[in-house]
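J.: sequence and predicted model, in that order:
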Amino acid sequence: MSENARGLNESHQRRLLVTFQYVDKLLSETEAVLSASSSKSPFPKYSADFTPAQERVIRDYIAHIRGQMVRIVSGLGLDIPGPQFGAIHAIRVHLSFIRVALQEASPKDLAGYGPLPTDLIPELNGFSTELQNLAESLNAFLAQSPGRDLAERLEVLTATGDHVTLLKKLQRIISDHGLVEFRPSLANIVDRLASPRFEIAVFGQVSAGKSSLLNSITSFPALPVGVMPVTSVPTRLVYGPPLAVVSLAGGQVKSYAVDGIAEFVTEERNPANFKGVTRIVVSIPSERLREGVVFVDTPGLGSLATAGAAETKAYLPQCDLGLVLINASSTLTAEDIQLIQTLYLDGIPAMVLLSKCDLISLTDRDRAVRYIREQVKNQLGVDVPVFAVSVLNEYRDLTEQWFKSEIEPLYSKYQDLASQSLRRKIGTLRDGVRAALSARLGGEAKTTASTEDLEEAEKALRVAAGQILEVERKCYQLTDDLREYGHLLALDQAARYLAEAWRGVKDISSGETVRTAMKHLAAEQAGAVRKELNDLAARLFASMQKSSSALGIEPRNGMEEFENALREMPHIDLSKVNVAVERPLMASLGRRMAASSARRCLGCWSSDTEVAFTNYARVLQAWMRAALKQITNIFESDAGAARAQLERLIARSTVSPDAQNKILEDLAEIDREPRSRPDTVDSGAVPA
């Protein structure tokens, strides 16, 4: 409260300010009515029943009332309070409410108003999923958004190079045509212009050895290692005195000892990134780090910490060189292939490192290197270099040889490499914006499909996306049932197996019979989970084929990609269920009597069986989540692009002549900008 308020006490001041704030709030709502009545909202609340002259008068009066209030407040000696909240914070809060509202409009909640048509449930789920994903995309963008407008930042950077001219044009075109999907890429390029650097990022599955490799390269144990998946955000290693700088969602920036980052980057200590970490930079005095060169440790792909895996994929376009780690004792996965493809599509060179090569022989090592290189070339059509590495001292020469021959030469020319990387990113952005504009005119469409066919294809993708939620729910139910009472069903089935065995043969291995029965039951339950996922994969692929056919293109991913995601299903471990039951005398009296007797005999092994099935249900559920996530990613890698293209083609007929002329002018303006010379830029594009 003000001390110069002309004799008004604190209560007087507060009451007057609250009144003026309430009046201003009502004036803002009046302005919102004016704007809403002329908006293009599909759910209009107000009709525009005023003339332009009336609107001007209304706005003039609003401005006059506000001006008078300011003068009155000033005359009374009151201090006008500043803003209580940041606009971005408020928008993100609204986005949270939007996501909650969409979740509460799901078929599960709608069922409370009465039965829903069964065939409509997947489509309703699809609507909810699509809109939630869009809201989440905007929320993620706002979380990383630069403090100043992109146009202003580009204006400041005009002197840094000729390519800024093109970027300014692309920024204007993106804003004019509402191509929000390109804003994150543009913001990243602007960041790189403002702070030149060359980032070498390490990607790979959980436990592939990313952190261990970087600790070995830098000869500094900066990064925590272990089997727990990491969470939060990519961790940057830069040259400097030992220090960890952690940025949090609330805007706080705190410094810690290097060994303190485990509190923020491990799933164990920061599950699902509940601490709200947005950025981690660790400086270490390593001779292998140079000014401007940054190594980045990313969260593992395929991680059960799904937020970490999503953050890794969001980071992909930012790096200049991607090192993809593949465990030598495992195999090349569909997600590895997608990662390499994404790097190349974003104009980023990639290398594959075969980690933990100490686990295999020299012959197998050479064979694995050739196999991975051939598989990547066969599936993507690019020749990616593959190198064997290890962090163990006796095999350290492998890593040293790779580092000295492939990485050290980059140090002396990192500025040139950073410039080339930036040009690749600008070229990728330019091509994407051009394709989006052209699609609005139908210029790049290879289809003669009608609008109805395009809408049907769009609906098929939405229905398929909705079925993912249904299958996830069913699979969770199956695995939960297995954990809760699977051991009881197993004991009942084992009793029936024993009863039949006792009736036919006197000398049997009761333990083996019981384990066989339990394995069969576990396999049946696991088979039900696999069937749900197999059926879902088939439906997803069918929807991808339908959309691709409508667009006149081929799907990037085939059915074999989905099948690969469903391999290596876990089996139950019954090694600790050591059952020994003697055949009772009454076993020959009848099936029911024999089964009842066998069930009583098996009762003392109930706890061992419960532990075995509880553990198996947990492992099966983890496998199910990972497999479902992988097939969802495969689907979305096609469906995301298809949705955008379908939306533009469907809207093609509604483009006004003025809008068409504007698009043509902007396309011509993009084409007038000279492209980068081929000898300085390698687009690294992977055929679609």
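T.: Structure's in. What do you need? Residues are numbered from 1 along each chain as shown.
J.: please enumerate the strands of the protein.
T.: 198-204, 235-239, 243-248, 253-256, 277-284, 293-297, 321-327, 350-355, 386-388 (DSSP state E).
J.: what's the neighbour count on Leu489?
T.: By the criterion of other CB atoms under 10 Å, Leu489 has 17 neighbours. C-beta coordinates here come from the backbone N, C-alpha and C atoms, glycine included.
J.: one step back: could the strands of the chain go into JSON lines alongside mean neighbour count, distance to Arg473 and mean pLDDT?
T.: What follows is the strands of the chain, written out as JSON lines (neighbours: other CB atoms under 10 Å; distance: least, CB to CB, whole Å; pLDDT from 0 to 100):
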{"stretch": "strand 198-204", "mean neighbour count": "24", "distance to Arg473": "31", "mean pLDDT": "84"}
{"stretch": "strand 235-239", "mean neighbour count": "22", "distance to Arg473": "35", "mean pLDDT": "87"}
{"stretch": "strand 243-248", "mean neighbour count": "18", "distance to Arg473": "34", "mean pLDDT": "86"}
{"stretch": "strand 253-256", "mean neighbour count": "12", "distance to Arg473": "40", "mean pLDDT": "86"}
{"stretch": "strand 277-284", "mean neighbour count": "19", "distance to Arg473": "31", "mean pLDDT": "85"}
{"stretch": "strand 293-297", "mean neighbour count": "23", "distance to Arg473": "35", "mean pLDDT": "85"}
{"stretch": "strand 321-327", "mean neighbour count": "23", "distance to Arg473": "32", "mean pLDDT": "88"}
{"stretch": "strand 350-355", "mean neighbour count": "24", "distance to Arg473": "37", "mean pLDDT": "90"}
{"stretch": "strand 386-388", "mean neighbour count": "20", "distance to Arg473": "41", "mean pLDDT": "91"}
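J.: among these, which comes closest to Asp658?
T.: strand 277-284 (41.6 Å; CB to CB).
J.: note down every partner strand of that closest one and its orientation.
T.: Its sheet considered, strand 277-284 pairs with strand 235-239 (parallel), strand 243-248 (antiparallel) by DSSP bridges.
J.: quick one: closest of the ones you listed to Ser575.
T.: Of the strands paired with strand 277-284, nearest to Ser575 by CB to CB is strand 235-239, at 38.7 Å.
J.: name the single longest helix found in the chain.
T.: Assignment by DSSP state H gives helix 451-504 as the longest helix of the chain.
J.: for that helix, give the mean pLDDT please.
T.: Helix 451-504 comes out with an average pLDDT of 80.
J.: give the other helices and strands that it contacts.
T.: Applying 3 or more CB pairs under 8 Å, 6 or more residues apart in numbering; DSSP states H and E, one finds that helix 451-504 contacts helix 121-144, helix 510-551, helix 591-602, helix 606-650.
J.: count the neighbours of Ser361 for me.
T.: Around Ser361 there are 9 residues (other CB under 10 Å).
J.: got it, and Leu392?
T.: Neighbour count of Leu392, defined by other CB under 10 Å: 14.
J.: I figured it was touching Leu359, is that so?
T.: No - counting by CB atoms under 8 Å, Leu392 sits too far from Leu359 to count as a contact (9.7 Å).
J.: in the stretch 301-450 of the chain, which spans are helices?
T.: Using DSSP state H, counting those that start in this stretch, the helices of the stretch 301-450 of the chain run over 306-315, 334-345, 362-380, 396-402, 408-411, 414-441.
J.: among those, which comes closest to Ser286?
T.: That would be helix 408-411 among those, by CB to CB, at 12.6 Å.
J.: can I get the closest one in CSV, CA atoms only?
T.: C-alpha atoms of helix 408-411 as CSV (Å, rounded to 0.1, in the frame of the first residue of the first chain):
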residue,chain,number,x,y,z
GLU,A,408,39.4,-34.7,-33.1
PRO,A,409,39.6,-33.5,-36.7
LEU,A,410,36.3,-31.8,-36.1
TYR,A,411,37.8,-29.6,-33.4
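J.: now do it: which elements does it pack against?
T.: By 3+ CB pairs under 8 Å, 6+ apart, helix 408-411 packs against no helix or strand.
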